[in-house]
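In: Provided below are the primary sequence and the corresponding predicted coordinates.
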Amino acid sequence: MPKNTEIERKFLVRSDAYLAQATGKYEIEQGYLCKEPGKTIRVRIRDERAFLTIKSGTLREGLAKFEWEREIELSDAQELLKLCLPGAISKTRYIIPAPPYHGESRAWEVDVFHSGKMAGLVLAELELGDENEPFERPEWLGEEVTGQPQYYNANM
């Protein structure tokens, strides 16, 4: 996969059975400085760490997206969040190990949203190394919503 490329599949979650498999969790606050078709600029605070992320729309005909992310000072992120567009997101992210693929470790990220239009929504994402990479579907996984704009964080 080329540098700065993200390939992820996104699903609704149909039960809380993932909680028994979680190996970690953290709190996330995020806001968007820019939300335009094909481009977002996001500020995220994850526990005590902060990040600035730029993402593109889908590259070519597929799931791959350009993603550039850098860690920034927590105090800078707190100030940048004040400049963000309305609709900040607050969520808890749970980490659930997934079977490795060709020696590469993978994990499901299950987000429980606490704010915004989607408060109470639970989504699972899995980042892949290739658009055609096979993966096992846990029993708690529901309908796939990859590519459905209403489930993009920037639209929540």
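Out: Done, it's in.

In: so what are the sheet partners of the helix or strand of the chain with the lowest mean pLDDT and their directions?
Out: When each helix and strand of the chain is scored by mean pLDDT, DSSP states H and E, strand 5-6 comes last, with a mean of 72. Using DSSP bridges, strand 5-6 pairs in its sheet with strand 65-72 (antiparallel).

In: list the beta-bridge partners for the residue nearest the centre of the chain.
Out: What sits nearest the mean C-alpha location of the chain, by C-alpha atoms, centre = their mean, is residue 125, with 6.5 Å. Bridge pairing for residue 125 (DSSP bridges) gives the partners residue 10, residue 109.

In: hmm, it is touching residue 6, no?
Out: No - Residue 125 is beyond contact range of residue 6, at 10.0 Å (criterion: C-beta atoms under 8 Å). Just so you know, the C-beta spots here come from the backbone N, C-alpha and C atoms, and that holds for glycine as well.

In: the protein: helices as residue ranges?
Out: Ranges of helices in the chain, per DSSP state H, are 74-81.

In: any regions of it where pLDDT drops low?
Out: 1-3, 57-62, 156 (pLDDT under 70).

In: and the strands in it, which stretches?
Out: Assigned by DSSP state E, the chain shows strands spanning 5-6, 8-13, 24-36, 39-46, 49-58, 65-72, 89-101, 104-113, 122-127, 141-144.

In: how distant is the last one from the center of its chain?
Out: Spelled out, that is strand 141-144. In this view, strand 141-144 has its centroid 16 Å away from the chain centroid, taken as C-alpha atoms, centre = their mean, to the nearest Å.

In: and the fifth one, by the same measure?
Out: In terms of C-alpha atoms, centre = their mean, the centre of strand 49-58 is set 10 Å apart from its chain centre.

In: same question, the fourth one
Out: Centroid separation between strand 39-46 and its chain, computed with C-alpha atoms, centre = their mean, is 10 Å.
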